[in-house]
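Enquirer: sequence and predicted structure are below.
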2 protein chains.
Amino acid sequence: MVSITSPSATGGTGASELFQLLRDGEPRTRAELAHATGLARSTIAARVDELMRMGLIAPLAESTSTGGRPPSRFALKPSARIVLAADIGASHATVAVADLAGTILAEHTEPVAVTLGPEHVLTWMLDTAAMLLEQTQRDRRELVAIGIGVPGPVEHSTGQPVNPPIMPGWDRFDVPGWVRQHLEVPVLVDNDVNIMALGERATAWPTTEDLVFVKVATGIGAGVISGGMLLRGAQGVAGDIGHVQIARGAGVPCHCGNTGCLEALASGPAIARALRAQGVEAENGDDVVALVKRGSVEAVQAVRQAGRDIGEVLTACVSLLNPSVIALGGSMARVGEHLIAGVREVVYTRSMPLATGHLAIVQSAAAGRAGVIGASMLALDHALSPGAFHSLAGR
Amino acid sequence: MVSITSPSATGGTGASELFQLLRDGEPRTRAELAHATGLARSTIAARVDELMRMGLIAPLAESTSTGGRPPSRFALKPSARIVLAADIGASHATVAVADLAGTILAEHTEPVAVTLGPEHVLTWMLDTAAMLLEQTQRDRRELVAIGIGVPGPVEHSTGQPVNPPIMPGWDRFDVPGWVRQHLEVPVLVDNDVNIMALGERATAWPTTEDLVFVKVATGIGAGVISGGMLLRGAQGVAGDIGHVQIARGAGVPCHCGNTGCLEALASGPAIARALRAQGVEAENGDDVVALVKRGSVEAVQAVRQAGRDIGEVLTACVSLLNPSVIALGGSMARVGEHLIAGVREVVYTRSMPLATGHLAIVQSAAAGRAGVIGASMLALDHALSPGAFHSLAGR
């Protein structure tokens, strides 16, 4: 039996299917593609041609020669399209252009206060993007998606910030809708710590399915990848561990209105406050980092205790999520091993052996670039997904 | 352009695609199916016929008549195939036969000690299944998958229990391999509390994507659904919250070797122990439940305090996962509102408003049947997935 179908029904879908196989960047022969998909060799040949015509894949120059004609191998062509990534922090923002492999082609960071409001910040983002496109000599028509991280909770389905405490003017602002008035591509918005988790995984743990990224800075928050998927929660506030109560916290007031929160004892400002109470001069987290680098015993002890406090909350995370990696980032992670030593001390003492037997607790490898790399991953995951193939192909 | 493809490449896949749409049980017309898939009307007609020939879908009798020929609607035929579900507990086990809608057609529970080892328990399971098949007059060839819950950690990829503390002889036992020697269908194995979360969702919260099921019995554990997906963790021990340290626990020894664990203070045996220390006669959790039902003030107070302890750990869960439902089950949940009142008291006091604004903390609706319903869901999710369509169709 031979069935006759229109190209809209199978041609496009078929190319997308093949592209899903090739999007990992691994080169494959036509025979390997036929084996993996179960499609006929003739169908594979037609679809490989289609993807090449779109410029999405390219044949590889073969190095080995066994006498006969070497089998041609095909792989994703990273330069075929580009994505835009923006990491918007409380006081600074970064914009970057990345290729389909997630390689950052150009980036720019400058002080931008998120409190200036969405229109100001997003206009700056678009201007910076235009500059970067010119710098990399890429055209905006090559753009297939934009990923944006913001320092607050985001409703996943709409990309709107929801009740973000440090982002006045952004509550329920339609970020994707506003950006799409200027650049007509899919716009993905997520919490900054969530995208840092994506960036950390892409940088150092590409095969890990269960990773927790903890940002320790002015605030404390976590981005959680479990079973390979970023967790957002019902209101987009999953990972908001800064206000979990800790044992040592009894009576210590927190800006949230409660007492004893992790953030009230282990954030940069909290550590600085504890040091001032001991007569050590420290205005903020940066001062604490500088003191530790200069070898101040009081600062080292205070940072280690903050690590233990964070470890207390992470023990519950380990029991609940059974991650294989916990990576510590954010400005306070620059103090180095002292913070992590405190975390490890508590987590390894307090957790069940089965959950910690293969658990790595490490400093972020992506460090300050976790956010912008993660924002490009957010854009790429969407742009390369089966549902977005049509827009990828149509450019 | 018209492309010619073999039926193995598109025929099977196409029917599977259509089936994925219809597996939710909602009836749809051919026009609705064409609209949803983008396939040509003629292709839809052929594939609907194919699925009807397989017996997987059926046309619905139409009730409305608008004068013209009413459009025929098609829906999943729940009776087309069956799955087997087994909920193996520490001391009791339940086996059930369910249809493709997850409706339990027959079930049987009896005392079976998990300590008798895998071959004994699984042989009992197969004998019971044979009895239930006879009782429901269904043939084993109609069986498309088996879901099994066991009281210990399970490696998700292999279905093997790993270091299960209360299951001697089961460590690394190849449950799917053993069962498949007798019944050649896919065998899915998971932790009992994980499947209870699936069962609770199916019973009372079918549209909820973020649900935590907490089992409070001899031990305390959680099953976590986040973003619609069951979390397993790197070693399959996600949700193992019984050994998180709580504030009130300082110095209280736990059977795990640590001190101050939630399970050492808030489990059935722990509450009974606390009551005995007050001179109240209580051997175990069942006695505590009976005392509460008889109105013992000491028992009510002890249960409420256990609720607060559980709430302390759940506060961290709420911050980390931002669920929309926490359901309490297990034998101790039979005490009713007293336990939940303690949980609510702490969680609503201690969590950030954004995370609790839409959070329901409730008693399990599935109760004692959460496990067996969840095991059938585990089997159905697999049997009705695109990858399993071939085996579903081939029967």
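Expert: Done, it's in.
Enquirer: thought residue A:214 was touching residue A:310, still the case?
Expert: Yes. Using C-beta atoms under 8 Å, residue A:310 is in contact with residue A:214, at 6.7 Å. Every residue, glycine included, has its C-beta placed from N, CA and C.
Enquirer: all helices for chain A, in order.
Expert: For chain A, the helices defined by DSSP state H cover A:7-22, A:30-37, A:41-53, A:118-135, A:175-180, A:192-204, A:262-266, A:268-277, A:285-293, A:297-321, A:337-350, A:353-356, A:370-383, A:389-393.
Enquirer: pipe those helices into a markdown table and attach mean neighbour count per row.
Expert: Output for the helices of chain A, formatted as a markdown table (neighbours: other C-beta atoms under 10 Å in any protein chain shown):
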| stretch | mean neighbour count |
| --- | --- |
| helix A:7-22 | 19 |
| helix A:30-37 | 16 |
| helix A:41-53 | 17 |
| helix A:118-135 | 17 |
| helix A:175-180 | 17 |
| helix A:192-204 | 27 |
| helix A:262-266 | 26 |
| helix A:268-277 | 20 |
| helix A:285-293 | 20 |
| helix A:297-321 | 25 |
| helix A:337-350 | 19 |
| helix A:353-356 | 18 |
| helix A:370-383 | 27 |
| helix A:389-393 | 17 |
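Enquirer: so what sits against both of residue A:310 and residue A:214?
Expert: A:220, A:328 (C-beta atoms under 8 Å, 6 or more residues apart in numbering or on different chains).
Enquirer: please name whichever of the helices of chain A is nearest to residue B:164.
Expert: helix A:353-356 (9.8 Å; C-beta to C-beta).
Enquirer: could you check how far that closest one is from the centre of its chain?
Expert: 26 Å (C-alpha atoms, centre = their mean, to the nearest Å).
Enquirer: quick one: list the elements packing against that helix.
Expert: helix A:297-321 (3 or more C-beta pairs under 8 Å, 6 or more residues apart in numbering or on different chains; DSSP states H and E).
Enquirer: pLDDT of the helix it packs on, averaged?
Expert: Computed over helix A:297-321, the mean pLDDT rounds to 96.
Enquirer: same thing with stretch A:360-371?
Expert: Mean predicted lDDT for stretch A:360-371 stands at 95.
Enquirer: hey, C-alpha coordinates of it in CSV?
Expert: Written as CSV, here are the backbone C-alpha positions of stretch A:360-371 (Å, rounded to 0.1, in the frame of the first residue of the first chain):
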residue,chain,number,x,y,z
ALA,A,360,28.4,17.5,43.9
ILE,A,361,28.2,20.8,45.8
VAL,A,362,30.3,23.2,43.8
GLN,A,363,30.9,26.8,42.9
SER,A,364,29.2,28.0,39.7
ALA,A,365,31.4,27.5,36.7
ALA,A,366,29.3,30.0,34.6
ALA,A,367,29.6,32.5,37.4
GLY,A,368,28.6,36.0,36.3
ARG,A,369,27.7,34.7,32.8
ALA,A,370,25.2,32.1,34.0
GLY,A,371,22.3,34.5,33.4
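Enquirer: residue A:263 - nearest residue in space that isn't next to it in sequence?
Expert: residue A:242 (3.7 Å; C-beta to C-beta, 6 or more residues apart in numbering or on different chains).
Enquirer: for residue A:250, see how far away residue A:264 is.
Expert: 11 Å (C-beta to C-beta, to the nearest Å).
Enquirer: Throw the helices of chain A into CSV and include distance to residue B:207, thanks.
Expert: Shown next, in CSV, are these (distance: least, C-beta to C-beta, whole Å):
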stretch, distance to residue B:207
helix A:7-22, 28
helix A:30-37, 34
helix A:41-53, 37
helix A:118-135, 31
helix A:175-180, 24
helix A:192-204, 23
helix A:262-266, 33
helix A:268-277, 40
helix A:285-293, 42
helix A:297-321, 23
helix A:337-350, 36
helix A:353-356, 31
helix A:370-383, 24
helix A:389-393, 28
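Enquirer: if I pick residue A:223, what's in contact with it?
Expert: So residue A:223 contacts A:191, A:193-198, A:212-213, A:215, A:230, A:239 (C-beta under 8 Å, 6+ apart).
Enquirer: for stretch A:307-316, list the C-alpha coordinates in PDB.
Expert: C-alpha atoms of stretch A:307-316 as PDB (Å, rounded to 0.1, in the frame of the first residue of the first chain):
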ATOM      1  CA  GLY A 307      27.200  28.700  54.300                       C
ATOM      2  CA  ARG A 308      25.900  26.500  57.100                       C
ATOM      3  CA  ASP A 309      22.600  28.400  57.200                       C
ATOM      4  CA  ILE A 310      22.200  28.000  53.500                       C
ATOM      5  CA  GLY A 311      23.100  24.300  53.900                       C
ATOM      6  CA  GLU A 312      20.300  23.900  56.500                       C
ATOM      7  CA  VAL A 313      17.700  24.900  53.900                       C
ATOM      8  CA  LEU A 314      19.500  23.000  51.100                       C
ATOM      9  CA  THR A 315      19.200  19.800  53.200                       C
ATOM     10  CA  ALA A 316      15.500  20.000  52.800                       C
END
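Enquirer: tell me how far that stretch lies from the chain's centre.
Expert: For stretch A:307-316, the distance to the chain centre is 23 Å (C-alpha atoms, centre = their mean).
Enquirer: now stretch A:326-333
Expert: 14 Å.
Enquirer: quick one: end-to-end distance for that stretch.
Expert: 13 Å (C-alpha to C-alpha, to the nearest Å).
Enquirer: what's the spacing between the residue nearest to residue A:263 and residue A:256?
Expert: Distance from residue A:242 to residue A:256, by C-beta to C-beta: 8 Å.
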